[in-house]
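[1] Pasting a predicted model and its sequence here:
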Amino acid sequence: MDQYDLVIVGGGPAGLSTALSLERLAQRRLLERTLVLERETYPRVKLCGGGVTRAADAYLARLGLHIDVPSIPIHAVRFQYAGRSFTVHSPNLLRVVRREEFDAVLADAAQQRGLQIKAGVAVTGVRRHNGAIKLETNQGTLRARAVVAADGANSTVRQKLGFNQPPHRLSRLIEILTPEDPATTPAFTDHLAVFDLNCVSQGIQGYVWDFPSLLNGQVYMNRGIFDSRVHAQIRGNLRQALDKALQARGCELGNYSLMGHPERWFDPSASFAAPRVLLVGDAAGVDPLFGEGISYALRYGGIAAQELTTAFVHDDFSFRGYRQHLLHSPLGRELILRTHLARLAYGPFRHRWALRLCWALGEGLVNCYLNWRVRQQRTLAPQRQ
Ligand SMILES: Cc1cc2nc3c(=O)[nH]c(=O)nc-3n(C[C@H](O)[C@H](O)[C@H](O)COP(=O)(O)OP(=O)(O)OC[C@H]3O[C@@H](n4cnc5c(N)ncnc54)[C@H](O)[C@@H]3O)c2cc1C
């Protein structure tokens with residue numbers, strides 16, 4: 001049976017960033033004894049709006065990386081709600097990528113730095129065995145002293161190790177791609193992304209997005225609906241709400257193939273670790289306010305790498321401190337804030353004053369937040385020890 005110090009299950013942004021952050025912390029020996037298991041082969045399909053925010057690129061820059069893939073830069077974001085809208089202008093607020101390309105280049109960069117990735121290997125079973133973790137895969141069994149669960153919102157590691165107790169904290173998302181003429185579509189001419197919260201009145205705890213996007217050199221609008229479901233008692237019909245929003249855009253839902261995938265939202269009261277196992281990225285929980293997950297998945301990698309470094313130095317794999325370190329980190333504090341804001345903004349109707357207040361304060365509030373976030377980004381990456 002193959003043995004590793006560390007096995008990272010899942011080669012998306014969270015898993016790859018955990019390994020790259022170990023390298024940044026000068027943990028080369030541990031990196032050499034680390035294996036990433038990825039179920040798919042790169043470039044693998046990942047349903048996603050592909051909005052890579054400045055925070056994500058800032059974290060990658062701290063790791064010494066720029067993921068250079070075809071993308072559409074966004075310089076303006078419009079927020080719409082209850083017949084009112086405001087637009088925030090700032091250069092390169094985000095860029096819209098295709099995740100299959102982005103993740104493949106990230107995986108390639110990690111391999112060039114010495115990370116071993118076995119693609120096409122799916123973890124099917126996880127159990128504790130003689131002071132280690134035994135991982136069953138479709139290609140045999142492995143043993144690891146520690147495991148990082150970076151296998152996304154439907155994490156197998158979570159399920160197999162009993163983390164999946166209710167509440168399930170899953171947001172629902174549906175996405176479609178609509179072909180567009182770039183010369184006449186403002187999203188392309190103005191580099192504009194739209195967050196339309198009108199669906200809140202239909203019981204959706206989120207928004208409909210319109211992102212200009214590229215697929216194989218052709219332009220499309222990446223459109224979709226995000227329902228955070230931070231309030232279990234509120235249930236809207238996702239399909240109906242998307243249908244209504246698309247009709248307002250002159251599109252017919254029936255003409256497109258619908259693709260759906262969940263996201264796990266961050267709840268500070270949830271479990272994030274067990275002896276020898278850490279959860280990161282979508283397996284742990286990301287932003288329930290906007291469903292932003294790429295930057296948070298990358299940043300989880302930094303916290304997990306610090307925790308792993310300490311565990312291997314002290315030969316203590318209880319990971320008792322992970323939760324506190326996570327909750328008190330800039331990442332944890334930001335996710336806690338976003339969870340509170342999501343609960344306020346998407347609450348039952350009588351509480352929607354929060355959303356209305358945001359609209360009244362509008363642009364100023366969002367600009368304050370963006371400026372604060374830029375300052376935060378300077379402290380994102382783990383420091384060398
Ligand atoms: C429709 C949609 C739109 C979104 N739009 C945006 C957006 O515009 N901007 C943004 O920031 N975020 C967006 N998100 C969220 C973002 O996609 C996720 O938060 C992010 O991908 C999480 O990264 P991760 O590495 O934790 O998980 P993932 O990216 O899901 O990676 C998990 C990896 O684990 C692998 N895996 C799964 N199971 C196994 C197994 N058993 N064995 C081995 N490997 C396994 C998977 O193949 C996958 O490669 C969107 C999400 C959805 C669903």
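    Nice, I can see it.

[2] Can you give me the neighbour number for Tyr42?
    Neighbours of Tyr42 under the rule other C-beta atoms under 10 Å: 18. Backbone N, C-alpha and C define where each C-beta goes, glycine included.

[3] residues in contact with it?
    By C-beta atoms under 8 Å, 6 or more residues apart in numbering, the contact set of Tyr42 is Gly11, Glu100, Asp103, Ala104, Ala107, Asp108, Ala119.

[4] Could you name the specific helix or strand carrying the residue lying closest to the second one once chain neighbours are set aside?
    Spelled out, it's Glu100. Nearest non-adjacent residue to Glu100, counting by C-beta to C-beta, 6 or more residues apart in numbering: Pro43, 4.0 Å away. If you go by DSSP states H and E, Pro43 is not part of any helix or strand.

[5] Check the contacts of Tyr42 one by one and keep those near the ligand.
    With C-beta under 6 Å from any ligand atom as the criterion, those include Gly11 near the ligand.

[6] I'd like the contacts of Tyr42 as a markdown table, with distance to Thr178, secondary structure and pLDDT appended.
    Formatted as a markdown table, the contacts of Tyr42 follow (distance: C-beta to C-beta, whole Å; DSSP: H, G, I helix; E, B strand; the rest coil; pLDDT from 0 to 100):
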| residue | distance to Thr178 | secondary structure | pLDDT |
| --- | --- | --- | --- |
| Gly11 | 30 | coil | 98 |
| Glu100 | 19 | helix | 97 |
| Asp103 | 23 | helix | 98 |
| Ala104 | 25 | helix | 98 |
| Ala107 | 29 | helix | 98 |
| Asp108 | 30 | helix | 98 |
| Ala119 | 31 | strand | 98 |
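
[7] From the contacts of Tyr42, pick the one nearest the ligand.
    Using C-beta to the nearest ligand atom, Gly11 comes nearest to the ligand of those, at 5.3 Å.

[8] Let me see the contact set for the closest one.
    Listed by C-beta under 8 Å, 6+ apart, the contact partners of Gly11 are Val36, Leu37, Glu38, Tyr42, Asp103, Ala107, Ile117, Ala119, Ala150.

[9] what residues are up against the third one?
    With contact taken as C-beta under 8 Å, 6+ apart, Glu38 is in contact with Gly10, Gly11, Gly15, Arg44, Ala107, Ile117, Lys118, Ala119, Gly120, Val121.

[10] list the contacts for the fourth one?
    With contacts taken as C-beta under 8 Å, 6+ apart, Arg44 has the following neighbours: Glu38, Glu100, Asp103, Ala104, Ala119.

[11] And for stretch 45-53, what's in contact with it?
    The contact list for stretch 45-53 (C-beta under 8 Å, 6+ apart) reads 12, 67, 71, 74, 93-100, 102-103, 173, 175, 193, 209, 211, 213, 222, 224, 259-261, 292-295.

[12] Could you do stretch 110-122 as well?
    So stretch 110-122 is contacted by 11, 16, 19-20, 23, 28, 31-32, 34-42, 44, 107, 137-139, 156 (C-beta under 8 Å, 6+ apart).

[13] quick one: contacts for the closest residue to Leu63 other than its chain neighbours?
    Closest residue in space to Leu63, ignoring its immediate chain neighbours: Leu20 at 4.9 Å, by C-beta to C-beta, 6+ apart. Contact analysis of Leu20 by C-beta under 8 Å, 6+ apart lists Leu63, Leu65, Ala109, Ala110, Arg113, Leu115, Gly301.

[14] Chain neighbours aside, what residue packs nearest to the third one?
    To tie it back to what came earlier, the one meant is Ala109. Leu65 (5.5 Å).

[15] mind checking which helix or strand that neighbour is in?
    Leu65 is part of no helix or strand when elements are defined by DSSP H and E.

[16] is it true that it touches Ala107?
    No: judged on C-beta atoms under 8 Å, Leu65 makes no contact with Ala107 at a distance of 11.6 Å.

[17] Close to the ligand as well: tell me which of the contacts of Leu20 qualify.
    Filtering the contacts of Leu20 for proximity to the ligand (criterion: C-beta under 6 Å from any ligand atom) leaves nothing.

[18] Test my guess that Ser171 contacts His261.
    No: judged on C-beta under 8 Å, Ser171 makes no contact with His261 at a distance of 9.8 Å.

[19] And these two? Which one has more around it.
    More crowded of Ser171 and His261, by other C-beta under 10 Å: Ser171, with 25 against 17.

[20] and the more buried one, what are its phi and psi?
    When read as degrees, to the nearest 10, the backbone of Ser171 gives phi -90, psi 150.

[21] can you tell me which residues contact it?
    Ser171 makes contacts with Gly206, Phe226, Asp227, Ser228, Arg229, Pro262, Glu263, Arg264, Trp265, Pro288, Gly291, as judged by C-beta under 8 Å, 6+ apart.

[22] Whichever of the residues you listed end up buried, select them in ChimeraX.
    Per 16 or more other C-beta atoms under 10 Å, the buried members of these correspond to this ChimeraX selection:
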select :206,226,227,228,229,262,263,264,265,288,291
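
[23] okay, the contacts of Ser171 in CSV with secondary structure, pLDDT and distance to the ligand next?
    Output for the contacts of Ser171, formatted as CSV (DSSP: H, G, I helix; E, B strand; the rest coil; pLDDT from 0 to 100; distance: C-beta to the nearest ligand atom, whole Å):
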residue, secondary structure, pLDDT, distance to the ligand
Gly206, strand, 96, 11
Phe226, strand, 98, 7
Asp227, strand, 98, 11
Ser228, coil, 97, 12
Arg229, coil, 96, 13
Pro262, strand, 97, 7
Glu263, strand, 98, 5
Arg264, strand, 98, 8
Trp265, strand, 98, 10
Pro288, coil, 97, 11
Gly291, coil, 97, 6
